[in-house]
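In: attaching a predicted model along with its sequence, questions to come.
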Amino acid sequence: MKTTVVGSYPKPKWLLEILNMYGEGKIDKSLMEEAYMDSVKSVVKDHEIAGVDIIWDGEMRREEMVSYFAERIDGFKIYGEVRVWGNAYYPKPSIVSELEYREKLVIDDFLYLKSITDRNIKVPITGAYTIVDWSFNEYYLKREEAIYALAEVLNREFRGLVRVGANYIQLDEPAIPTHPEELEIAKNAVEIMVKGIRAYIGMHICYGDYRAIFPDILDFKVDQIDFEFANRKFEDLKILEDYDYDKDLGFGCIDVHSKTVESVEEVKRAIKMALDIVEPDQLYVDPDCGLKLLPRNIAFEKLRVMVKATNEVKKEFDL
Amino acid sequence: MNVTTTVVGSYPRPEWFRDYLRKVEGLQKELNVKVDEEIMKKAISEILDEQRRAGIDLPTDGQLIWHDFLLTIASRLDGFEMNGLIRYFDNNLYYRIPITRAKIKRSAEILYDLDVAFEIYRDIKAVLSCYTITKLSKNMFYKKYDEFLWDMCRAIREEIKRLESMGVKYIQIDEPSLIYAKRDELGLLEEIFKEITRVKSETILMTYFGSAENIFPEVLDFGFDVIGLDFVEGYEENLNVVREYDIHSINIGIVDGRNTKIEKVNDLKEKFEKIVSSDNFKIVYTSPNTGLEFLPRVKAYEKMELLTKLRGVII
């Protein structure tokens, strides 16, 4: 039984200020780089103090989970922002030519993180299905062609990652449950992404109706699926039970949409429910999703509670 | 042939207006701030100018403060409570789901933002919806769905009467949910829409996100002056519809409002000619198949220009 995170963490306020100054051209690139590296150090320290077993760098460089990668892959072009809801917007990329590998996406972030921590590392990256689903397609005749082409690009990145020592990759695929009719395509895409990759593969899925993706999702070529449970009051555990869930389980048990910090007791209760479904060594305890929208002190407290609850359950079960 | 260019309704917000809304309303789910009228006027007039500049004959106000797409109409009626976020059709867009908690009533203007636009420019189209609102909300009050729909219909009719007395000449009713209507609903829908269309203004029914073949021929008796069909996502089926039935006036949704790819004018021309040669239309509008806010603003503008270019090459 391990504790981990989904990926993002609140950016320190000073980093946001420096980012603004950088945007206005008031500081140079080397200072910005130093700020990124120092912010990763502070985030890592937060994770270490909280006691999380498997960590990531908090995604200090990522503004957003689709365009960040699209900007670094040939074939994408960003014309501007579109709305997701209310007053929230994102730069939605367009696929305008053949998708091809251009430069490293996360390898340098991994190497830097490895150089500053002894903790185990998970590398989260938005999956091919979700990136294409959240982009316009001007080039490929069929959607699946774009998805498979992008999966090849990501596969190349993963091979590079494993070469430099990464052993745990997480595909972030929140778009999968929004199109249950395309599960076959999503499944093929995962197979392309992980082809020849000797690493532990997780897949993070949030939002949407989980029931619509069962039981097919159990055939995806991943070692672990990470779901959000706290946001839906753990009702979805029933689905796992109904379908004899047998993969490792990423167990989202901290609500990232609420500023109320959970009590150790309620998290312990949740973990025990998960242990009714999987064995302790199959269980990865984590928050529902990335923590970036929370105030930093609350994100930190939530991680601390999560680790404390996990440790107490371990002790009670003599693990 | 006399072709009038128009848009379906929504348009990307000017960037400064987006920043303003974010500042006064925040990002979260409580979006009930009344927008300053002068600021709203500035934003709407910018969008009206933009549409006119691109060559749009019949513009809209751009629905610039519609946070919940068509469901914004519910948020302006009594009896609804706006709740958690839910996906808007098959878009990567989310709206707050309206829940009925009491009898649906109209106690204030629904399209108060249209009034602002109407002051600036009179040849403008008002956009409302009825059936789709009931289909995309959650009913926790009415025992019978029919009663819910009738109350909705009365509220919308009251608003149309108000708009008419104000001098609005074009009323568009957006009903994307109609393409999923069941055959046995069509009798009730005929009564509902006959009530809604019993006005002097020109009424336009707009369907999109697919073909409307399911509601033919019944929809011809709903009383609309113009029927709008999506010839991007339901091209083949809707082409059969116009070949088979006698539609006197049509809105041809011909430019793709959900993809940044800019179509070739000649391809559009070929499509257009196929559509109009199959019937003898009295009024022909051309428009994107959907609202334009699915696109970044620069592309939304190019899509409108495309309509103007298309009109330039058709005889």
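Out: Arrived safely.
In: where do the strands sit along the chain?
Out: Let's take chain A. Per DSSP state E, chain A carries strands over the ranges A:2-3, A:54-55, A:73-85, A:88-101, A:120-121, A:123-126, A:136-137, A:168-172, A:200-205, A:224-228, A:248-252, A:283-286.
In: you looked at the wrong chain, it should be chain B
Out: Going by DSSP E, chain B shows strands at B:3-5, B:78-87, B:94-105, B:125-128, B:138-139, B:170-174, B:202-206, B:226-230, B:249-255, B:283-288.
In: next, format the ones you listed as CSV and append mean pLDDT, distance to chain A and mean neighbour count.
Out: (C-beta placed from N, C-alpha, C; glycine too.) Output for those, formatted as CSV (pLDDT from 0 to 100; distance: least, Cβ to the nearest Cβ, whole Å; neighbours: other Cβ atoms under 10 Å in any protein chain shown):
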stretch, mean pLDDT, distance to chain A, mean neighbour count
strand B:3-5, 97, 22, 18
strand B:78-87, 89, 6, 17
strand B:94-105, 95, 4, 19
strand B:125-128, 98, 17, 25
strand B:138-139, 96, 15, 15
strand B:170-174, 98, 17, 24
strand B:202-206, 98, 20, 24
strand B:226-230, 98, 18, 26
strand B:249-255, 98, 14, 24
strand B:283-288, 97, 14, 24
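In: among the ones you listed, which is nearest residue A:217?
Out: strand B:78-87 (18.9 Å; Cβ to Cβ).
In: where's that closest one relative to the chain centroid, distance-wise?
Out: 20 Å (Cα atoms, centre = their mean, to the nearest Å).
In: mind exporting that strand as CSV, just the C-alpha atoms?
Out: Coordinates of each C-alpha in strand B:78-87 appear next as CSV, following Å, rounded to 0.1, in the frame of the first residue of the first chain:
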residue,chain,number,x,y,z
ASP,B,78,-38.5,31.6,-11.7
GLY,B,79,-38.7,28.0,-10.5
PHE,B,80,-35.3,26.9,-11.7
GLU,B,81,-32.2,26.4,-9.5
MET,B,82,-28.8,26.1,-11.2
ASN,B,83,-26.8,23.1,-10.0
GLY,B,84,-23.6,21.1,-10.7
LEU,B,85,-21.8,21.1,-14.1
ILE,B,86,-22.8,18.8,-16.8
ARG,B,87,-21.6,18.3,-20.4
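In: and it, what does it pack onto?
Out: helix B:72-75, strand B:94-105 (3 or more Cβ pairs under 8 Å, 6 or more residues apart in numbering or on different chains; DSSP states H and E).
In: so for the shortest one, mean pLDDT?
Out: In this model, helix B:72-75 has a mean pLDDT of 96.
In: give the contact list for residue A:216.
Out: A:183, A:184, A:187 (Cβ atoms under 8 Å, 6 or more residues apart in numbering or on different chains).
In: give me the buried subset of the residues you listed.
Out: Those of the contacts of residue A:216 that meet the buried threshold are A:183, A:187, by 16 or more other Cβ atoms under 10 Å in any protein chain shown.
In: which one of the contacts of residue A:216 is nearest chain B?
Out: Of all the contacts of residue A:216, chain B sits closest to residue A:183, with 15.2 Å by Cβ to the nearest Cβ.
In: for that closest one, which non-adjacent residue is closest in space?
Out: residue A:216 (4.8 Å; Cβ to Cβ, 6 or more residues apart in numbering or on different chains).
In: which residues of the stretch 201-319 of chain A fall in helices?
Out: A:237-242, A:264-275, A:296-316 (DSSP state H, counting those that start in this stretch).
In: name the residues of the last one that come out as buried.
Out: Of the residues in helix A:296-316, those scored as buried under the neighbour-count criterion (16+ other Cβ under 10 Å) are A:296, A:298-300, A:302-311, A:313.
In: which among these gets closest to chain B?
Out: Using Cβ to the nearest Cβ, the buried residues of helix A:296-316 come closest to chain B at residue A:298, 15.4 Å.
In: and the closest one, how far from residue A:10?
Out: 8 Å (Cβ to Cβ, to the nearest Å).
In: residue A:292 too?
Out: The value you get for residue A:292 to residue A:10, if Cβ to Cβ is used, is 6 Å.
In: out of the two, which sits in the more crowded spot?
Out: Applying other Cβ atoms under 10 Å in any protein chain shown to residue A:292 and residue A:10 shows that residue A:10 carries more neighbours, namely 22 against 19.
In: and the more buried one, how far is that from residue A:170?
Out: For residue A:10, the distance to residue A:170 - Cβ to Cβ - is 19 Å.
In: so who does residue 56 touch?
Out: No chain in the question, so chain A it is. A:5, A:7, A:113, A:121, A:122, A:123, A:124.
In: hmm, no, I was thinking of chain B.
Out: Contacts of residue B:56 (Cβ under 8 Å, 6+ apart): B:5, B:6, B:7, B:304, B:307, B:308.
In: with adjacent residues omitted, what lies nearest to residue A:91?
Out: That would be residue A:67: by Cβ to Cβ, 6+ apart, it lies 4.3 Å from residue A:91.
In: can you pull the pLDDT of that neighbour?
Out: With respect to pLDDT, residue A:67 has a value of 95.
In: can you verify my assumption that it contacts residue A:94?
Out: No: between residue A:67 and residue A:94 there is no contact under Cβ atoms under 8 Å: 10.9 Å.
In: intersection of neighbour lists for these two?
Out: With Cβ under 8 Å, 6+ apart as the test, residue A:67 and residue A:94 both reach residue A:78.
In: residue of the stretch 151-300 of chain A closest to chain B, please.
Out: For the stretch 151-300 of chain A, Cβ to the nearest Cβ, closest residue to chain B: residue A:178, 6.5 Å.
In: next, the contact list for that residue, please.
Out: Residue A:178 touches A:133, A:207, A:208, B:87, B:92, counting by Cβ under 8 Å, 6+ apart.
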